[in-house]
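Asker: no letters, just coordinates:
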Ligand SMILES: NC(=O)C1=CN([C@@H]2O[C@H](COP(=O)(O)OP(=O)(O)OC[C@H]3O[C@@H](n4cnc5c(N)ncnc54)[C@H](O)[C@@H]3O)[C@@H](O)[C@H]2O)C=CC1
Ligand SMILES: O=C(O)[C@H]1O[C@H](OP(=O)(O)OP(=O)(O)OC[C@H]2O[C@@H](n3ccc(=O)[nH]c3=O)[C@H](O)[C@@H]2O)[C@H](O)[C@@H](O)[C@@H]1O
């Protein structure tokens, strides 16, 4: 029996290995991690990550041919194929901090493989990094959170470097979707794919500001340009900004690689995608503050949604962190509700601000509770349940005048205006009130 060991039981390692175990019953898959609580959670009914479809897949395979363990060295030693799926965040200190990927975890995993291995191995690099008798394959992961299981079932792309890996993917991936490239092409394709996607969002967000200034509607503009087959309709939703663990990190990496190769113009081009994203978040905060008489000091502001997108509980680089920071900076009292993000996580995400900021934030488990007595309500994640809330009830329990700032364009602005809300929707024609209270970014 072929044995696979995956180092790193995170979003990628956990989801990818669950799908491999499901699709390849003849392969034994062990996912290992140095984090005991993470492994305990994978072995329990409460998985450490929320991902539609994941529970089902794990239940079918766990303890059959899918195992989770903290005994890292034992399983690495026994494996024929080792996937490395450890975290590679942007370096936060030291040389090239804020630019290059931090390869500490990746290097320690690589050294450990070299130390404990006694037989030939194929090492498959799943983390996003360029990269004895090892065959090292670079197989950067392309799944998106929230649709991880669906993406893994029907991948658009994949990379083959040796037959063993190809054979494994061939269990469910059509051959023409398994691509073979050299190492740098594989890694640059990964970085470029994320950079192009993020660039589309920054482009539509840049247009959204122009829409507000001119009276155009960004949804109509996005729909119209998306009809051009060369542009296509996807990833054109204007928003409060993109988040997630990879877009910013991968662009920073692209910028760093460009600078290292003496290409400052190329580096600056990609930096701009992040600048517009930061601008978008401060623009939203400024709209909120300026519409409420230029101050939110002491005012309760409800925040609906904290995850970086719907259907997940992940808050890495979520725009909600910066928006809350901005509101707290103006001394607001914030009440946050997200269907999947825990209070602990939200409080941890506020840490970098100040101890007093923690007191300004409360986390509740109900949208109505969050909005009770609030002056304004900010929608920061596009959870479906926010579309069907009883907004009349919410309005009745809020202060007057009552503001909705929709950072995801999911509510029906006209209906809310009939109730008497003052509504701000990103990139849509402005209410007279907002025109009279201009925002400055
Ligand atoms: N989250 C996502 O949607 C995607 C992530 N990626 C890339 O995949 C990689 C993994 O990302 P995530 O799964 O999101 O990270 P994660 O942070 O959720 O999981 C990484 C896991 O690796 C473990 N770990 C770190 N060092 C270890 C070691 N030496 N031995 C054993 N375990 C160790 C950590 O405890 C953690 O549980 C990153 O390079 C990321 O850029 C790629 C595509 C999608
Ligand atoms: O390398 C990675 O980690 C992954 O990064 C993204 O996946 P992910 O970050 O999970 O989420 P996306 O669906 O791409 O959304 C990213 C952010 O952009 C925002 N977004 C997305 C689409 C859009 O039209 N507008 C918009 O603001 C989302 O709300 C979210 O905050 C890519 O889509 C995956 O292909 C890639 O594998």
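Answerer: On my side now, so go ahead. Just so it is clear, the model here is predicted, and its values are computed rather than measured. Ligands and ions are numbered 1, 2, ... in the order given.

Asker: okay, CA-based contacts and neighbour counts for the rest of this
Answerer: Will do.

Asker: which residues are in contact with stretch 18-31?
Answerer: Residues from elsewhere that reach stretch 18-31 (C-alpha atoms under 8 Å, 6 or more residues apart in numbering): 1-9, 13-14, 17, 54, 57-58, 60-61, 65-69, 75, 149, 152-153, 168-169, 171-172.

Asker: just the residues you listed: which are in helices?
Answerer: Among the contacts of stretch 18-31, the ones falling in helices (DSSP state H) are 13-14, 17, 54, 57-58, 60-61, 75, 149, 152-153, 168-169.

Asker: make TSV from those and add distance to residue 421 and pLDDT to it.
Answerer: Listed next are the ones in helices among the contacts of stretch 18-31 as TSV, based on distance: C-alpha to C-alpha, whole Å; pLDDT from 0 to 100:
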residue	distance to residue 421	pLDDT
13	45	96
14	43	96
17	47	96
54	39	95
57	43	96
58	44	97
60	48	96
61	50	96
75	58	97
149	39	76
152	42	66
153	43	69
168	55	85
169	52	83
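
Asker: my guess is residue 349 meets residue 321, correct?
Answerer: Yes - under the criterion of C-alpha atoms under 8 Å, residue 349 makes contact with residue 321 at 6.7 Å.

Asker: so what secondary structure elements neighbour whichever strand or helix holds residue 273?
Answerer: Using DSSP states H and E, residue 273 falls within helix 264-291. Packing partners of helix 264-291 (3 or more C-alpha pairs under 8 Å, 6 or more residues apart in numbering; DSSP states H and E): helix 183-214, helix 247-260, helix 319-329, helix 432-436.

Asker: buried sites along the longest one?
Answerer: Just to be clear, that refers to helix 183-214. Neighbour-count burial for helix 183-214 flags 183, 186-188, 190-195, 197-212 (criterion: 16 or more other C-alpha atoms under 10 Å).

Asker: hang on, the earlier thing: return the member of the ones in helices among the contacts of stretch 18-31 nearest to residue 91.
Answerer: residue 13 (21.2 Å; C-alpha to C-alpha).

Asker: wait, the closest one sits on residue 6?
Answerer: Yes - Residue 13 sits in contact with residue 6 when judged by C-alpha under 8 Å, with a separation of 6.4 Å.

Asker: mind listing the shared neighbours of the two?
Answerer: In contact with both residue 13 and residue 6: 31, 85, using C-alpha under 8 Å, 6+ apart.

Asker: so those two - more neighbours on which side?
Answerer: Higher neighbour count among residue 13 and residue 6: residue 6, with 28 against 24, using other C-alpha atoms under 10 Å.

Asker: what residues are up against that one?
Answerer: 13, 17, 29-32, 82-85.

Asker: give me that answer again for 7 Å
Answerer: 13, 30-32, 82-85 (C-alpha atoms under 7 Å, 6 or more residues apart in numbering).

Asker: tell me the domain ranges of this protein?
Answerer: Using automatic domain parsing, the domain ranges for the chain come out as 3-180, 194-441.

Asker: comparing the ones you listed, which yields the minimum mean pLDDT?
Answerer: Here the domains of the chain differ in mean pLDDT, and the lowest is domain 3-180 at a mean of 86.

Asker: so the residue minimising distance to the centre of the chain is in which element?
Answerer: Central residue of the chain (C-alpha atoms, centre = their mean): residue 244, 2.2 Å from the mean position. Assigned by DSSP H and E, residue 244 falls within no helix or strand.

Asker: that's a strand at residue 405, yeah?
Answerer: Yes - counting by DSSP: H, G, I helix; E, B strand; the rest coil, residue 405 is located in a strand.

Asker: what is it paired to in the beta sheet?
Answerer: Taking DSSP bridges, one obtains residue 378, residue 424 as the residues bridged to residue 405.

Asker: what sits against it?
Answerer: Contact partners of residue 405, counting by C-alpha under 7 Å, 6+ apart, are 288, 377-379, 423-425.

Asker: near ligand 2, which of these show up?
Answerer: Among the contacts of residue 405, no residue is within reach of ligand 2 (C-alpha under 6 Å from any ligand atom).

Asker: now, which of those residues sits nearest ligand 2?
Answerer: residue 379 (12.0 Å; C-alpha to the nearest ligand atom).

Asker: could I get the contacting residues of that closest one?
Answerer: Counted by C-alpha under 7 Å, 6+ apart, residue 379 has contacts 303-305, 405-408.

Asker: separation between it and residue 410?
Answerer: Residue 379 sits 9 Å away from residue 410, going by C-alpha to C-alpha, to the nearest Å.

Asker: for the stretch 301-441 of the chain, what lies in contact range of ligand 2?
Answerer: So far as C-alpha under 6 Å from any ligand atom goes, the stretch 301-441 of the chain lies against ligand 2 at 308-309.

Asker: strands along the stretch 301-441 of the chain, start to end?
Answerer: 333-337, 361-363, 376-379, 403-406, 422-425 (DSSP state E, counting those that start in this stretch).

Asker: distance to residue 103 for the ones you listed - can I get that in TSV?
Answerer: Shown next, in TSV, are those (distance: least, C-alpha to C-alpha, whole Å):
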stretch	distance to residue 103
strand 333-337	34
strand 361-363	34
strand 376-379	35
strand 403-406	38
strand 422-425	40
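
Asker: give me every residue in this protein lying close to ligand 1.
Answerer: 7-13, 33-35, 85-88, 105, 108-109, 126-128, 141-145, 246.

Asker: if we use 5 Å, what do you get?
Answerer: Applying C-alpha under 5 Å from any ligand atom, we find that the chain lies next to ligand 1 at 7-12, 33-35, 85-88, 105, 109, 127-128, 141-142, 144-145.

Asker: pull out the buried members of the residues you listed.
Answerer: 7-12, 33, 85-88, 109, 127-128, 141-142, 145.

Asker: about what we covered before: of the residues of the chain next to ligand 1, which belong to helices?
Answerer: 11-12, 105, 109.

Asker: and the residue in the stretch 201-350 of the chain positioned nearest to ligand 1, how many neighbours?
Answerer: Closest residue of the stretch 201-350 of the chain to ligand 1, C-alpha to the nearest ligand atom: residue 246 (5.6 Å). Residues lying near residue 246 (other C-alpha under 10 Å) number 20.

Asker: distance between stretch 367-383 and the chain's centre?
Answerer: 21 Å (C-alpha atoms, centre = their mean, to the nearest Å).

Asker: just stretch 235-248 next, same as before
Answerer: Centre to centre, stretch against its chain (C-alpha atoms, centre = their mean), the figure for stretch 235-248 is 8 Å.

Asker: gap between the two ends of that stretch?
Answerer: End to end - C-alpha to C-alpha - stretch 235-248 spans 16 Å.

Asker: residues from the stretch 101-250 of the chain in reach of ligand 2?
Answerer: Residues of the stretch 101-250 of the chain lying near ligand 2 (C-alpha under 5 Å from any ligand atom): 142-145, 235-237, 239, 242-244, 246.
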